[in-house]
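Peer 1: quick one: sequence and predicted model below, then my questions.
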Amino acid sequence: MAGKRRTGLARSAKIAALPMGIVARRMTATGKAIMTGADRGAIDDALIEKAADEVFRVLGELKGGAMKLGQALSVAEAAVPARFADRYREALARLQNQAPPMPTAQAHRMLDEQLGTRWRERFTSFEDTPVAAASIGQVHRAVWRDGRTVAVKIQYPGADVALMSDLKLLQMLSGTFGVFMPGVDVKALIEEFVARTEDELDYRIEADHQRRFAKAYAEDPNFFVPRVIASSPKVMITEWMDAIPLSEVIAEGTPAQRDRAGQLLVEFGLSSPKLVGHLHCDPHPGNYQLLADGRLGILDFGATIALPDGLPPVVGELARLAVAEDYDALLAALHTNGFVRPGHHLDADPILRVVAPVVAEFQGDRLRITRELLQGHMLRAMDMRNISMNNTMAVRTPPELPDLVMLGRVLGGIIAVCAQLDAEGPYLGLVERWLPGYVAEGEAA
């Protein structure tokens, strides 16, 4: 126990030291610039490089909650400025691949506690060496008593306490990500993790979500969701899935595989609210795989939100007006649907300068989603010339649509993964098919 406490204190110290060290160096650099007349811009540039190096170094050494944050931030990798991209990817790779497996005896004890001491009778074989590790558990391959190959997910002992502790510590680190990821609200991301941790730590809740998705897509030619065979609070057993992880498709997939994966990823995100009444909220590459028959396999249903009425039609309406470049009608729709605070108005020019270049990239209904496209959009969004204080004060999320913030994060994450894939597809056709409100009333679908 003492050893674990010392380890926890050491990890806390590493995280706490980051923002304090960055602030101290900035104060020193400011003094140097004043005293010597050095180029402040060059000094700031060097400070950004140093800060990024330290964040990546510490991220690469942490586990638990840091791994969970790393998985979420991997989605934003395509938007990271090119100067940091290689180091960012390396840090995330270390973060997500380094979790040591729990000792075999400990894994067996968890199975004893969760499935009963005669759990071995449920399997004809069980591989003690895990095949995958995640932020709060690991996965073993086994053969169920009826002959089916299955995946057995076992939660680490004490994962609940450790995860909450890590996430609270990482809140101290969140501000430093603004140094090299100005468009990502890491603080809000961590707060979201804290809010939904209870659901993710109870595998029975995840199993219920997965059963719902598996039923909805059971006969679908494009998607595969492994069926749940058994579950308990800290162990879940599902069908096995032999497929290529999306991370491998990103690294070395063929153009056809990349395009296929991107198209299906977008279709899954748009179709599930209508077909399932829920949205899968964890769109990072580790949760998707490409099967040999071309289907997209989906994993990890610990984080979903209920959308019993499907996606809000206003989302489709706003998308339609933006694509049509009808910005007057777009501004009017934002007012009409409660996105603008009473008594305020919106400046059209900053919105046009951010949105129009993306719309211009469509060739018919097709679009190639690239890192360059996403980075350009992020740069325009953060350009002070395109940031209107009036708009910032005026815009709000309509009170009757509280899930729009989560919806925006998930759809943004899907687009970011498509950028990592460098995927081209008929995305407007998918939007027209699945997004309510995109086809105006009275128009043919």
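Peer 2: Cool, the structure landed.

Peer 1: how about the helices of the stretch 201-350 of the chain, start to end?
Peer 2: Assigned by DSSP state H, counting those that start in this stretch, the stretch 201-350 of the chain shows helices spanning 203-216, 246-252, 255-275, 313-323, 327-336, 348-359.

Peer 1: between those helices, which one is nearest to residue 418?
Peer 2: Closest of the helices of the stretch 201-350 of the chain to residue 418 is helix 255-275, at 4.2 Å (criterion: C-beta to C-beta). Every residue, glycine included, has its C-beta placed from N, CA and C.

Peer 1: just the angle for the closest one relative to helix 313-323, thanks.
Peer 2: Calculated by axes from the mean of the first three to the mean of the last three C-alpha atoms, to 10 degrees, helix 255-275 forms an angle of 140 degrees with helix 313-323.

Peer 1: quickly compare the helices of the stretch 201-350 of the chain and say which is most buried.
Peer 2: helix 255-275 (a mean of 21; mean count of other C-beta atoms under 10 Å).

Peer 1: what packs against it?
Peer 2: Counting contacts by 3 or more C-beta pairs under 8 Å, 6 or more residues apart in numbering; DSSP states H and E, helix 255-275 packs against helix 203-216, helix 246-252, strand 278-280, strand 288-290, strand 296-298, helix 404-421, strand 423-425, helix 427-434.

Peer 1: mean pLDDT lowest for which of these?
Peer 2: Least confidently modelled of those is helix 404-421, at a mean of 88 by mean pLDDT.

Peer 1: mind listing residues that contact that one?
Peer 2: The contact list for helix 404-421, computed with C-beta atoms under 8 Å, 6 or more residues apart in numbering, reads 75-79, 189, 192, 246, 249-250, 253, 258-259, 261-262, 265-266, 269, 279-281, 283-285, 288, 305, 311-312, 315, 369-371, 373-374, 397-398, 425.

Peer 1: okay, that helix in PDB with CA atoms only?
Peer 2: Output of helix 404-421 as PDB, limited to C-alpha atoms (Å, rounded to 0.1, in the frame of the first residue of the first chain):
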ATOM      1  CA  LEU A 404     -25.700  19.500 -28.500                       C
ATOM      2  CA  VAL A 405     -22.400  20.100 -26.900                       C
ATOM      3  CA  MET A 406     -21.700  16.400 -26.600                       C
ATOM      4  CA  LEU A 407     -23.100  15.800 -30.100                       C
ATOM      5  CA  GLY A 408     -20.800  18.400 -31.500                       C
ATOM      6  CA  ARG A 409     -17.800  16.900 -29.700                       C
ATOM      7  CA  VAL A 410     -18.600  13.400 -31.100                       C
ATOM      8  CA  LEU A 411     -19.300  14.500 -34.600                       C
ATOM      9  CA  GLY A 412     -16.100  16.600 -34.500                       C
ATOM     10  CA  GLY A 413     -14.200  13.600 -33.300                       C
ATOM     11  CA  ILE A 414     -15.500  11.500 -36.100                       C
ATOM     12  CA  ILE A 415     -14.400  14.100 -38.600                       C
ATOM     13  CA  ALA A 416     -10.900  14.200 -37.000                       C
ATOM     14  CA  VAL A 417     -10.500  10.400 -37.300                       C
ATOM     15  CA  CYS A 418     -11.500  10.700 -41.000                       C
ATOM     16  CA  ALA A 419      -8.800  13.300 -41.400                       C
ATOM     17  CA  GLN A 420      -6.300  10.800 -39.900                       C
ATOM     18  CA  LEU A 421      -7.500   8.300 -42.500                       C
END
